[in-house]
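*Asks:* From the sequence below, what's the structure:
(2 chains)
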Amino acid sequence: KAGVTQTPRYLIKTRGQQVTLSCSPISGHRSVSWYQQTPGQGLQFLFEYFSETQRNKGNFPGRFSGRQFSNSRSEMNVSTLELGDSALYLCASSRGGADTGELFFGEGSRLTVL
Amino acid sequence: AQTVTQSQPEMSVQEAETVTLSCTYDTSESDYYLFWYKQPPSRQMILVIRQEAYKQQNATENRFSVNFQKAAKSFSLKISDSQLGDAAMYFCAYRSAKWGDSGGSNYKLTFGKGTLLTVNP
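*Replies:* Model prediction:
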């Protein structure tokens, strides 16, 4: 069974540009969550999608957005990049039900903003 | 808002020995879930162990066990018979059991800052 796949794994952008990251969840999983990981702030929740609907959102500016497709694949977009957006972006998938719902994480997309 | 605190940025242990990682949390909720995740260098984060707050019995998974003290809001992880493969960053995480308002979900983990565990041969 394939795990959570994130692409690209590494990317470098400059300030002001935008970036799109992709996440393919485990087959059968309908919930996809995104987290930002930085040395200073640690792991912070961005948002969660289930059946193409955003169900939960963290405290990030509107430059951070996401969406989910009918096949449960998800993308997140960051517009007008700032230096502080440099981070490891982690995607996690889950079945999505109202239970303890183990989250399965991908290896992440490491974004560097110059 | 909930907070999770890991007071030990780094820990080290000798192979085959036992080590305990500390975690405290703050919440006004009575029902929630607690987790320990392991993130090896440049590899994906995996779940080590989970605890439901309504369960008094401490969770155990092979060499990993927790000491859950609900009143003290403490959730420590004990690793017995440490192995070289246990070397990783360990994160304590909190998740509310309350389904969100307005149709939202409770799929939001609040993480501690992590403890880097080194295992010495």
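*Asks:* rest of the way, CA atoms for contacts and neighbours
*Replies:* Fine.
*Asks:* for chain A, what spans make up the strands?
*Replies:* Secondary structure of chain A (DSSP state E): strands located at A:5-7, A:10-13, A:19-24, A:31-38, A:42-50, A:53-57, A:64-68, A:74-78, A:87-94, A:104-105, A:109-113.
*Asks:* helices or strands up against the last one?
*Replies:* The criterion is 3 or more CA pairs under 8 Å, 6 or more residues apart in numbering or on different chains; DSSP states H and E, and the helices and strands that strand A:109-113 contacts are strand A:10-13, strand A:87-94.
*Asks:* Not counting the last one itself, show me its contacts.
*Replies:* The set of residues that contact strand A:87-94 without belonging to it, under CA atoms under 8 Å, 6 or more residues apart in numbering or on different chains, is A:4, A:6, A:23, A:25-26, A:29-38, A:101-112.
*Asks:* for it, the distance to its chain's centre please.
*Replies:* For strand A:87-94, the distance from its own C-alpha centre to the chain's C-alpha centre is 5 Å (CA atoms, centre = their mean, to the nearest Å).
*Asks:* Secondary structure class of B:Gln57, three-state.
*Replies:* Put simply, B:Gln57 is coil when judged by DSSP: H, G, I helix; E, B strand; the rest coil.
*Asks:* picking up where we left off before, turn the strands of chain A into a markdown table, columns for mean pLDDT and mean neighbour count.
*Replies:* Below are the strands of chain A laid out as a markdown table (pLDDT from 0 to 100; neighbours: other CA atoms under 10 Å in any protein chain shown):
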| stretch | mean pLDDT | mean neighbour count |
| --- | --- | --- |
| strand A:5-7 | 97 | 20 |
| strand A:10-13 | 97 | 13 |
| strand A:19-24 | 98 | 20 |
| strand A:31-38 | 95 | 24 |
| strand A:42-50 | 94 | 24 |
| strand A:53-57 | 90 | 19 |
| strand A:64-68 | 97 | 20 |
| strand A:74-78 | 98 | 20 |
| strand A:87-94 | 95 | 26 |
| strand A:104-105 | 92 | 24 |
| strand A:109-113 | 98 | 20 |
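*Asks:* Near chain A, which residues of chain B are found?
*Replies:* B:33, B:42-47, B:97, B:99-100, B:103-114 (CA under 8 Å from any CA of the partner chain).
*Asks:* which of these are buried?
*Replies:* The neighbour count (16 or more other CA atoms under 10 Å in any protein chain shown) marks B:33, B:44-47, B:97, B:105-114 as buried among the residues of chain B next to chain A.
*Asks:* So which residue is smack in the middle of chain A?
*Replies:* Residue closest to the average C-alpha location in chain A (CA atoms, centre = their mean): A:Trp34, at 3.2 Å.
*Asks:* Distance check, that residue against A:Ile26.
*Replies:* 14 Å (CA to CA, to the nearest Å).
*Asks:* And B:Phe64, by the same measure?
*Replies:* B:Phe64 sits 26 Å away from A:Ile26, going by CA to CA.
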